[in-house]
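Undergrad: sequence unknown, structure follows:
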């Protein structure tokens, strides 16, 4: 995972726990050593906070169940843009194909992980995507 993929409030896996990013900071050691990025994460459902290098984090693979927990609904292809799909996922005006492709004017983006979906939703709507468990 790279530092430019993450935002504060993204959900990721750290040490086998689902965690929320609460801080991202650069840690330059010396002139000769590369820049390291350190993140602070808060374990979901607890107040445990810990810090570590960004390379230790893993993305949470996007699943249909997680889409439902974010508030998406599964509908059969009505929208002509999605005519190649047997079904798609929709939340308001936000649509994903059954293969988790987000389509836009000049192409499409494969959404593989929860933090990617969170970032895409935030970029479009300017609001956090809330996981409802």
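TA: Yes, it's here. Computed from a prediction, not measured in an experiment: that's the story for all the values here. Numbering: from 1, shown residues only.
Undergrad: Partner strands of the top strand by length along the chain, with direction?
TA: Counting residues, the longest strand found in the chain (DSSP state E) is strand 17-27. Note on strand 17-27: by DSSP bridges, its sheet partners are strand 11-14 (antiparallel), strand 36-43 (antiparallel).
Undergrad: Give me the buried stretch members for that strand, please.
TA: Residues 18-21, 24 are the ones in strand 17-27 that count as buried (16 or more other Cβ atoms under 10 Å). C-beta: built from backbone N, CA, C; applies to glycine.
Undergrad: Over to stretch 59-78?
TA: Those would be 59-60, 62, 66-67, 70, 72, for stretch 59-78 by 16+ other Cβ under 10 Å.
Undergrad: if I look at the nearest residue in space to residue 95 that is not next to it in sequence, how far off is residue 64?
TA: Spatial nearest neighbour of residue 95, chain neighbours left out: residue 88 (5.7 Å); criterion: Cβ to Cβ, 6 or more residues apart in numbering. In this view, residue 88 and residue 64 are 11 Å apart by Cβ to Cβ, to the nearest Å.
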